[in-house]
Structure formats: C-alpha cells, structure tokens
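Asks: please work out how this folds:
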Amino acid sequence: MSKKKRRRTISKKKLKEKRLVAYPQPIYSVGSLVQVNDDVMDYNWNDLPLGGWVGEITKIHREADGPKYDVRWSAETLTKCHPVYKTLAELEGLRIDEFDKLAEEELHTFTGGEVILVDPVDVSQYTDRPLDSEDHCDRLRMIFDTKPLEWFPMLGDSEDEDDKLLRRYYDHLSEHLVFPFEAQYVIRRGNQRVKYAITVEKLIAPDVVKAADRDDSARLYCSGIGLLVVSWF
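Replies: Next up, the predicted model:
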C-alpha cells in the first residue's frame, strides 16, 4: 500500500509575509515627518479639518487598499490647533497627540517651515448648540444640567457621588416614565443571547436595592414579570 502523501503546510508567519508582499509598498517609513493635506477632515468629526497638521509616523499598517499611517503630532501643531479638538478628545477618551490610520494619499512630506493649520469654519455646534432631545447623550445632559462640551457625570468617582447621581436619575425616570411598559430581558448564555418579553411595573429605589445587597454601583433596577436591569451610561 502506498503511503499517503503529506500535504505541504505554510506557517501563519509565512502566509502573512506572502500577503504583505502583494500589498502596496509604503512610501514613508517610521520616523518620517509628514503633513496632512489641506482637504482632509477628521474622521471622528467630519466637519473639523486636519489640514496642515504635522507629525511623525510611528507605525505603518500594510493593507490591501494601501498603507495606513499612525502619526504623533508635533508640539507646534498641538499648540496651534483649535481648543475644541482637545476638548472633544478628552470627552471621547481619545489621545490628542496621536492619530491612527491616515491614508497615504492624505499626506505629503513636511519639508520644514511654519506650521499653518486649516482652521474650523464653525464650531458652534460643539460649543453653544441647543441640546437635542432626540440624542440620548443630550437627554442625559438635560437631566444632569451639563452643556454640549461637558460630558454627563460618570459613575465610579466615589460611593457618595454615585448614590447622588443614581438617585437623581431615579427621580427623573420615576417622574417621566409611564408604567407599565413592555420590554425585553436579555440573558447571555455562552455565545447566545436569550431574550424574554416582560412587562415592567415599577422602578426600585436605589436605597431599597442597596438594602437588598444587590450591585447598585452602575445601574437602576425595575420590577415586573422577571427582572430588568437598566444601564444608564
């Protein structure tokens, strides 16, 4: 009986190297100083330009549609950029000094000289716009009396502060929710999500939850047919 031929296998490392060879070669390298083209917008906020920003390439991503570059902005760029960028980055937990995956066609080599940035045309929607009741984040701002560029309070600073925030949120929902209402109760079982249709009859006050020794650190509880946990952040 003839021996079964062994099929040739290729290691994951070699497969990756083979795939990278087929991808377009980057024209910039780590450490290259680049400047963003004037027509490029920040993909986090489409109406804020990144044109003129200067930085050093820190990482290159080889991809089928062309290289992408991570950039660390220069000190002069960070000094000259509009304050709204830094405020928005802080609100969203982003790093203001770095930017990920800029496309090659969005950049050109920076040859030196003064850094001139493309200024935003209008930042009023971030600074003095009216709160939108249709936006879930703005609805929370309304409850906690914060402005567009001020994020709503987050739980976890201190137990006393958490108690005050949850009580305030409980009072607001108690006043505005109409009971009973229909909802879904979702349970995770491994990789599955099991949903139950329930009727919510009332909110349970935070002090009652705490007395029952339940985890009240980041949620409010409701009662009805079953148990519904309502996350507020």
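
Asks: all contacts plus neighbour counts: C-alpha atoms, from now on.
Replies: Noted.

Asks: what's the offset of stretch 36-55 from the middle of its chain?
Replies: A distance of 18 Å separates the centroid of the chain from that of stretch 36-55, by CA atoms, centre = their mean, to the nearest Å.

Asks: list the buried residues in it.
Replies: For stretch 36-55, the neighbour count (16 or more other CA atoms under 10 Å) marks 36-38, 40-41, 48-55 as buried.

Asks: and of those, the nearest to Tyr221?
Replies: Each of these was scored against Tyr221 by CA to CA, and Leu48 proved nearest at 40.0 Å.

Asks: phi, psi for the closest one please.
Replies: When quoted as degrees, to the nearest 10, the phi and psi of Leu48 stand at phi -110, psi 120.

Asks: I'd say it and Met41 touch.
Replies: Yes. Here Leu48 lies in contact with Met41, judged by CA atoms under 8 Å, at a distance of 5.8 Å.

Asks: which strand is the longest one in this structure?
Replies: When the chain is scanned for its longest strand (criterion: DSSP state E), the result is strand 192-204.

Asks: for that one, name the packing helices and strands.
Replies: Taking 3 or more CA pairs under 8 Å, 6 or more residues apart in numbering; DSSP states H and E as contact, the helices and strands that strand 192-204 lies on are strand 181-189, strand 219-224.

Asks: check which element follows it along the chain.
Replies: The first helix or strand that comes after strand 192-204 along the chain, using DSSP states H and E, is helix 206-211.

Asks: give the buried residues for the helix or strand hosting Asp138.
Replies: Secondary-structure element containing Asp138, defined by DSSP H and E: helix 136-144. Neighbour counts using 16+ other CA under 10 Å place Asp138, Leu140, Arg141, Met142, Phe144 of helix 136-144 among the buried residues.

Asks: tell me what the helix or strand following that helix is packed against?
Replies: Along the chain past helix 136-144, the next helix or strand (assigned with DSSP H and E) turns out to be helix 159-176. When contacts are defined as 3+ CA pairs under 8 Å, 6+ apart, helix 159-176 packs onto helix 206-211, strand 219-224.

Asks: closest to Tyr85 out of those?
Replies: strand 219-224 (31.2 Å).

Asks: buried set for that closest one?
Replies: By neighbour count, and taking 16+ other CA under 10 Å as the criterion, the buried residues in strand 219-224 are Arg219, Leu220, Tyr221, Cys222.

Asks: these two touch, right, the second one and Ile204?
Replies: What it means is Leu220. Yes. Between Leu220 and Ile204 a contact is recorded at 7.3 Å, counting by CA under 8 Å.

Asks: quick one, phi psi at the residue nearest to the spatial centre of the chain?
Replies: The residue lying closest to the centre of the chain (CA atoms, centre = their mean) is Glu92, at 5.8 Å. As for Glu92, its main-chain torsions (degrees, to the nearest 10) stand at phi -90, psi 0.

Asks: how near is it to Tyr185?
Replies: In this structure, Glu92 and Tyr185 are 29 Å apart, going by CA to CA, to the nearest Å.

Asks: now swap in Glu114 and tell me
Replies: Relative to Tyr185, Glu114 is positioned 58 Å away (CA to CA).
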